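# attaching a predicted model along with its sequence, questions to come.
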Amino acid sequence: MLNHIVIMGRLTRDPELRHTQAGTAVASFTVAVDRDFKDKETGERKTDFIDCVAWRSTGEFVDKYFAKGRMAVVEGRLQLRDWTDKEGNKRRSAEVLVSSVYFGDSKPKDGDSAGGKAKAGKDDDFQLPGDFGAGSDNGFADLADDDGDLPF
């Protein structure tokens, strides 16, 4: 059996980090994902709002580095939950049980790694992999004696 989902979209609100009675971290957030096609009647793309739940260190990572408006690539599995509302009606909810979250955009220009979320911590100077702007010290240097020929 296979239950694997990958979505990419923007967070609709800041992640909400909670802890279970046993102290396990769990973060809840919603990702807005545009559909690949336009509506025939309106000519506009519809958006799906997908609930996501990240546990333990993944949840703490999402809470620390993501905020409303940040683009996220979320990987996990689809999970359906049956529950009863306050009026006693049976309900069903679908959510992504997150296994991994990746940055879908570059680091915000203001230098705040959480996209507007002010959180103090030792990782405030976090830099995304691949943030190689002009003049940055990215560990690469031009070869001085490159003749342009391939070695194979």
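Nice, I can see it.
# how about residue 27, what does it touch?
For residue 27, the contacting residues are 15, 16, 17, 18, 53, 54, 55, 58, 59, 60, 62, 63, by CB atoms under 8 Å, 6 or more residues apart in numbering. Where C-beta positions appear, they are placed from N, C-alpha and C, glycine not excepted.
# count of neighbours near the second one?
Here the number of neighbours of residue 16 (other CB atoms under 10 Å) works out to 13.
# ok, it touching residue 29?
Yes - under the criterion of CB atoms under 8 Å, residue 16 makes contact with residue 29 at 7.0 Å.
# give me the phi and psi angles of residue 56.
Main-chain dihedrals, residue 56, degrees, to the nearest 10: phi 60, psi -130.
# list the contacts of it.
Residues in contact with residue 56 (CB under 8 Å, 6+ apart) are 24, 25, 26.
# before we move on, what about residue 53?
Residues near residue 53 by CB under 8 Å, 6+ apart: 26, 27, 28, 59, 79, 95, 96, 97, 98.
# mind putting the residues you listed in JSON lines, pLDDT, secondary structure and distance to residue 49 included?
Formatted as JSON lines, the contacts of residue 53 follow (pLDDT from 0 to 100; DSSP: H, G, I helix; E, B strand; the rest coil; distance: CB to CB, whole Å):
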{"residue": "26", "pLDDT": "96", "secondary structure": "strand", "distance to residue 49": "19"}
{"residue": "27", "pLDDT": "97", "secondary structure": "strand", "distance to residue 49": "17"}
{"residue": "28", "pLDDT": "97", "secondary structure": "strand", "distance to residue 49": "13"}
{"residue": "59", "pLDDT": "96", "secondary structure": "helix", "distance to residue 49": "19"}
{"residue": "79", "pLDDT": "95", "secondary structure": "strand", "distance to residue 49": "16"}
{"residue": "95", "pLDDT": "96", "secondary structure": "strand", "distance to residue 49": "11"}
{"residue": "96", "pLDDT": "97", "secondary structure": "strand", "distance to residue 49": "12"}
{"residue": "97", "pLDDT": "96", "secondary structure": "strand", "distance to residue 49": "17"}
{"residue": "98", "pLDDT": "97", "secondary structure": "strand", "distance to residue 49": "16"}
